[in-house]
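Okay, predicted coordinates and the sequence, questions at the end:
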Amino acid sequence: MPDVFEVLSRDHRDVEQMLSALESGPTAAAGASPAQLDQRRRMARRLVAEESRHQAAEQMLFWPVVRDRLPDGPWLAGQATGQEQEGKDVLDKLDKADPADPGFEALLGEFIAADRDHMAYEERQVWPKLRPVLTAAEVSELGIWFEQARKLTPGGVSRAAPAR
């Protein structure tokens, strides 16, 4: 089974692929057809769903461990969850926006930049500090729980964070 950092990394790479596809996809301003705009809408909705599942699992399983195990964990987790909330606010608007409207592309661009910054923050600031304070068993167990939680809808996870 992959460890929590492998699961998180895989999620980040999957999101990055979605972001790149949306970034390079045909836009209304570039003359996208109605079918292409519909595909763009579906891609954006998939992004919203994937991000929601990822963030829900992080809120329940990952950030509590960061808060508990690192001296600056409350601050690190607070920064990350603040970034996630800002991203969620943009995603909520994006989910309701029509790809034919110019505002859709502005929201998408705002989210893409913010989410890339957020993923870099996690990978460069949080993960290197957390790895050394977790045992191999904790990293593995957290990965299993995170992977299971990701498969459920947000709010559907009922397990507590792994015991220390």
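Yes, it's here. Numbering: from 1, shown residues only.

What are the neighbouring residues in contact with L134?
L134 makes contact with 65, 69, 142, according to CB atoms under 8 Å, 6 or more residues apart in numbering. Just so you know, the C-beta spots here come from the backbone N, C-alpha and C atoms, and that holds for glycine as well.

Pretty sure the first one sits against W145.
No - the pair formed by V65 and W145 falls short of the contact definition of CB atoms under 8 Å, at 10.3 Å.

any chance you could map the helices in this protein?
For the chain, applying DSSP state H gives helices covering 4-24, 34-57, 63-69, 73-96, 102-121, 127-130, 136-151.

And for A30, the neighbour number?
Counted by other CB atoms under 10 Å, the residues lying close to A30 total 9.

now it: how far from L37?
11 Å (CB to CB, to the nearest Å).

so what's the residue minimising distance to the centre of the chain closest to, chain neighbours aside?
For the chain, the residue sitting closest to the mean C-alpha position, by CA atoms, centre = their mean, is E51 at 4.2 Å. Distances taken as CB to CB, 6 or more residues apart in numbering place L91 nearest to E51, at 6.0 Å, with adjacent residues excluded.

wait, isn't the one you found in contact with H54?
No - in terms of CB under 8 Å, L91 does not count as a neighbour of H54; the distance is 11.4 Å.

confidence score at A161?
Note on A161: pLDDT of 37.

ditto for G31
For G31, the model assigns a pLDDT of 89.

Below-threshold pLDDT in the protein: ranges please.
The model of the chain has pLDDT under 70 over residues 153-164.

again, 80 this time
In the predicted model of the chain, residues 1, 152-164 satisfy pLDDT under 80.

quick one: M1 and V7, what's the gap?
Applying CB to CB to M1 and V7 gives a distance of 9 Å.
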